[in-house]
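Chemist: let's see this in three dimensions:
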Amino acid sequence: MKRRLFTAAALAAATFAAATPALAQDNVFKIGLILPMTGQQATTGRQIEAAARLYMAQNGATVAGKKIELIVKDDTSLPDATRRLAQELVVNDKVNVLAGFGITPSALATAPIATQSKTPMVVMAAATSSITQASPYIVRTSFTLPQVSVALADWAPKNGIKKVVTLVSDYGPGIDAEKYFKERLTFNGGQVTEALRVPLRNPDFAPFLQKVRDAKPDALFVFVPSGAGAAVMKQFLERGLDKAGIKLIATGDVTDDDQLNDMGDGALGVVTSHHYSADHPSALNKKFVAAFSSANKGMRPNFMAVGGYDGMRVIYEALKTTKGQGGGDALLAAMKGQIFESPRGKIFIDAQTRDIVQDVYLRKVEKKNGQLYNVEFDVIKDVKDPGKAK
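Modeler: Reported below is the predicted structural model:
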């Protein structure tokens with residue numbers, strides 16, 4: 001009898017021990033954050049990770065009874081690495097959500113994995129229009145290049161800019177920026193006299209900028225990914241394009257808040273269109289900038305940071321709504337249609353496209369309190385992605 005009782009007790013203990021990790025696992029909600037933490041786009045990874053950790057610090061690490069675990073992986077902006085890391089996060093780590101994605105090729109490489117595993121994928125950075133069409137499980141909290149390019153093509157002809165040369169990085173977002181800027185500028189009576197594309201990896205802007213100087217347009221329109229803007233600005237000034245009377249207009253990636261002060265006074269007066277500036281005058285943004293700076297040794301948040309911060313909010317609110325039940329499909333449904341006030345202004349996750357609808361601002365680089373800022377001077381409200389509006 002004693003032996004039977006001991007055997008039953010031992011069996012119960014073993015069963016409990018086996019069940020405990022599973023029970024613990026059930027109480028953990030894992031977010032796999034894949035970012036370029038090293039390499040050419042390292043500033044993107046640094047900004048998004050910092051913003052994600054700030055959101056967790058402000059809103060707690062437990063939601064709907066689940067402990068939030070952030071697993072950060074460095075893909076160095078190589079799509080093959082992104083795909084492999086996403087596969088490992090889904091299969092081995094059993095993440096509930098995939099997030100991050102610094103560049104378009106990385107997001108597109110992961111899309112089939114999100115679809116097959118029914119794992120929601122929150123794109124916090126990559127900005128080619130077509131990304132959300134690559135998987136029904138993708139939700140975007142960053143922006144699209146058509147959203148911000150069209151605003152500038154509307155502004156330019158009203159401000160004496162009729163002939164423009166475009167200069168873009170030769171991959172998805174750059175091709176989007178070139179296409180939608182040209183279409184809208186032409187519609188408004190302007191003209192793109194030449195379209196130049198620069199390699200994404202190890203770009204040398206100098207020969208392209210010499211071509212621009214020789215072409216003598218009213219303005220040069222530029223898109224390069226976050227982190228490359230300072231090089232464009234430096235070479236634009238070194239080649240004397242400003243002295244030749246050629247204006248620099250760009251998407252906000254070029255006058256990136258993270259790098260703007262390092263560009264010097266040569267950046268003053270540059271007009272850009274974008275969805276976020278660290279100088280955005282709302283009370284919520286002022287709190288965000290102060291908290292981000294305090295948590296990160298004075299670092300200024302850029303548009304990548306706000307994409308990461310809002311992406312975390314979308315995930316947290318979806319988890320609250322589902323109470324941790326129903327898996328990936330339930331989470332995805334709870335992400336769709338979210339409307340909230342972001343540090344950038346009001347945003348909306350369109351339930352049909354799963355893409356972001358947001359205000360786009362026209363800004364000019366100005367000096368305030370001894371520092372350079374992108375100062376907003378106009379706004380286009382509730383901009384949908386023109387790439388999906390057709």
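Chemist: and the strands in the stretch 251-390 of the chain?
Modeler: Shown for the stretch 251-390 of the chain, the strands assigned by DSSP state E, counting those that start in this stretch span residues 271-274, 339-342, 345-349, 356-368, 371-383.
Chemist: out of these, deepest packed?
Modeler: Of all the strands of the stretch 251-390 of the chain, strand 271-274 carries the top mean neighbour count, a mean of 25, counting by mean count of other CB atoms under 10 Å. Every residue, glycine included, has its C-beta placed from N, CA and C.
Chemist: partners of that strand in the sheet?
Modeler: Using DSSP bridges, the strands paired with strand 271-274 are strand 247-251 (parallel), strand 356-368 (antiparallel).
Chemist: check contacts around the spatially most central residue of the chain.
Modeler: With distances taken as CA atoms, centre = their mean, the residue of the chain nearest its centroid is residue 125 (2.0 Å). Applying CB atoms under 8 Å, 6 or more residues apart in numbering to residue 125 gives the contacts 35, 44, 48, 100-103, 142, 226, 304, 307-308.
Chemist: likewise for residue 90?
Modeler: Residue 90 sits in contact with 32, 98, 113, 117, 119, where contact means CB under 8 Å, 6+ apart.
Chemist: count the neighbours of the last one for me.
Modeler: Spelled out, it's residue 119. 24 (other CB atoms under 10 Å).
Chemist: distance of residue 211 from residue 251?
Modeler: Look at residue 211 and residue 251: by CB to CB, to the nearest Å, they are 20 Å apart.
Chemist: I meant residue 220, not that one.
Modeler: Residue 220 sits 12 Å away from residue 251 when distances are taken as CB to CB.
Chemist: so residue 151 belongs to a strand, correct?
Modeler: No - counting by DSSP: H, G, I helix; E, B strand; the rest coil, residue 151 falls outside a strand, being helix.
Chemist: surely it and residue 380 touch.
Modeler: Yes - if you go by CB atoms under 8 Å, residue 151 and residue 380 touch, sitting 5.2 Å apart.
Chemist: shared neighbours of those two, anything?
Modeler: residue 360.
Chemist: okay, residue 211 and residue 251: which has more neighbours?
Modeler: Per other CB under 10 Å, whichever of residue 211 and residue 251 has more neighbours is residue 251, with 29 against 13.
Chemist: these two touch, right, that one and residue 273?
Modeler: Yes - contact criterion CB under 8 Å: residue 251 and residue 273 qualify, at 6.4 Å.
Chemist: what residues do these two have in common as contacts?
Modeler: By CB under 8 Å, 6+ apart, residue 251 and residue 273 have these common neighbours: 148-149, 152.
Chemist: I'd like those residues written out as a markdown table, with distance to residue 358 and neighbour count added.
Modeler: Formatted as a markdown table, these follow (distance: CB to CB, whole Å; neighbours: other CB atoms under 10 Å):
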| residue | distance to residue 358 | neighbour count |
| --- | --- | --- |
| 148 | 10 | 29 |
| 149 | 14 | 29 |
| 152 | 16 | 27 |
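Chemist: so which of these is the closest to residue 318?
Modeler: residue 148 (26.3 Å; CB to CB).
Chemist: residues touching the closest one, list them.
Modeler: 251-252, 273-275, 360 are the contacts of residue 148 under CB under 8 Å, 6+ apart.
Chemist: repeat that for 6 Å
Modeler: Neighbouring residues of residue 148 by CB atoms under 6 Å, 6 or more residues apart in numbering: 251, 273-274, 360.
Chemist: next, give phi and psi for residue 72.
Modeler: Backbone geometry at residue 72, expressed as degrees, to the nearest 10, gives phi -100, psi 130.
Chemist: identify the contacts common to residue 220 and residue 251.
Modeler: With CB under 6 Å, 6+ apart, residue 220 and residue 251 have no common neighbours.
Chemist: quick one, helices of the stretch 101-250 of the chain?
Modeler: Ranges of helices in the stretch 101-250 of the chain, per DSSP state H, counting those that start in this stretch, are 104-117, 145-158, 172-187, 206-215, 229-238.
Chemist: buried stuff in the last one?
Modeler: Looking back up the chat, that one is helix 229-238. Going by neighbour count (16 or more other CB atoms under 10 Å), the buried part of helix 229-238 is 229-237.
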